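>>> A structural model of the following input is requested.
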Amino acid sequence: MAGGVLAGCGSEPAPAPAPSLPSPSSVALGREAVAADYSWFAQVGDLRKGFCFVWVGNVRPAQVLERMGAKELERIGWQQMVGAGDGQRGAIEKYYFGVSRLDDSWSLVVEDNGTLGLADELLRPLSVGTTVVCLYRGADGRGRFLVLEDEAVQLALDPMEAGRRTGAKASELGTQIAAAGLGGSADPTAAGFALAERLTGVRLSLEMLQERTYLFSEVPTGQRKSQ
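Below you'll find the predicted structure:
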């Protein structure tokens with residue numbers, strides 16, 4: 001696995017434009033992930049103040065940065081990325097995040113305690129010609145689960161209020177939302193990860209995240225830093 005990690009982050013010729021992925025309602029539905037599969041996330045203390053995970057289909061890490069207009073700063077490990085500080089505070093000038101390759105189909109963007117999950121101006125370009133799945137939780141406990149296909153919103157909801165959802169496939173995905181554990185008694189964050197797995201076919205584990213190398217990068221937010 002380690003060899004594939006480094007290969008995914010290194011310099012390489014740009015592949016052909018990413019084709020559109022199957023509809024989120026039909027992607028990897030054989031993977032019957034449930035919230036209990038992600039109970040381990042509650043033990044990741046470094047992300048308790050907030051996080052954002054973004055799955056990007058058929059776009060390699062270097063291309064993710066290009067689409068976001070981001071600048072790579074260095075290549076780091078998991079603990080360096082999530083354990084270096086307390087994340088963003090107040091008005092901020094830049095988003096900081098890491099990007100790595102999960103498998104042949106998906107790249108992953110990880111942000112520690114920021115607001116990337118609300119930045120549609122960055123998320124929409126990532127979804128051109130492909131699918132993006134975003135799971136965000138803010139420091140205030142509120143969150144967002146977002147599915148974009150070619151810039152169009154297929155699903156948008158707060159995991160804490162899964163019954164209130166919008167998007168072109170909000171009704172179509174209702175069965176998968178409920179089966180993952182959203183809207184029930186399960187932990188909303190764990191259920192959000194389970195739904196992401198159902199839509200991407202990629203099961204995350206702490207070991208997988210720790211084994212990867214991340215392109216630690218920055219991109220301007222358009223805000224002025226508070227004085």
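
>>> only C-alpha atoms for contact and neighbour calcs from this point on.
Will do.

>>> Could you look up the SS state of the residue most central in space within the chain?
Within the chain, one residue has its C-alpha closest to the average C-alpha position: by C-alpha atoms, centre = their mean, that is Val54, at 1.5 Å. Three states are possible here, and by DSSP: H, G, I helix; E, B strand; the rest coil the one that applies to Val54 is strand.

>>> now the strands for this structure?
Taking DSSP state E, the strands of the chain run over residues 51-57, 71-76, 94-101, 106-112, 131-137, 143-149, 152-157, 165-166, 214-220.

>>> is the residue nearest to the centre of the chain in a bridge, and if so with what?
The residues paired with Val54 through beta bridges, assigned by DSSP bridges, are Val109, Cys134.

>>> That one contacts Asp112, correct?
No - Val54 sits out of contact with Asp112 when judged by C-alpha atoms under 8 Å, with a separation of 12.0 Å.

>>> Now do the shared contacts for the two.
Overlap of the contact sets of Val54 and Asp112 (by C-alpha atoms under 8 Å, 6 or more residues apart in numbering) is empty.

>>> so where is this structure shaky, pLDDT-wise?
Counting by pLDDT under 70, the chain contains low-confidence residues at 1-31, 84-91, 222-227.

>>> one more time with 80, if that's ok
Low-confidence regions of the chain, defined by pLDDT under 80, span residues 1-31, 84-92, 222-227.

>>> quick one: the helices in it?
Ranges of helices within the chain are 2-9, 61-68, 78-82, 120-126, 174-180, 188-200, 206-211, based on DSSP state H.

>>> so what's Lys71 up against?
By C-alpha under 8 Å, 6+ apart, the contact set of Lys71 is 65, 217-219.

>>> So in terms of bridging, what pairs with it?
Counting by DSSP bridges, Lys71 is bridged to Glu218.

>>> Repeat that for the one 5 residues further on.
With DSSP bridges applied, Ile76 shows beta-bridge pairing to Tyr214.

>>> Just confirm it contacts Leu215, I think it does.
Yes - in terms of C-alpha under 8 Å, Ile76 counts as a neighbour of Leu215; the distance is 6.7 Å.

>>> Which one's more surrounded, the two?
Under the neighbour definition other C-alpha atoms under 10 Å, Ile76 and Leu215 were set side by side, and Leu215 has more, 25 against 15.

>>> and that one, how far is that from Val59?
14 Å (C-alpha to C-alpha, to the nearest Å).

>>> what do you get for Thr115?
For Thr115, the distance to Val59 equals 22 Å [C-alpha to C-alpha].

>>> excluding its backbone neighbours, what's nearest Arg203?
Glu197 (5.6 Å; C-alpha to C-alpha, 6 or more residues apart in numbering).

>>> Compute the number of surrounding residues for the closest residue to Leu135 other than its chain neighbours.
Leaving out its chain neighbours, the residue that sits closest to Leu135 by C-alpha to C-alpha, 6+ apart is Phe145, at 4.7 Å. Other residues near Phe145 number 26, with proximity taken as other C-alpha under 10 Å.
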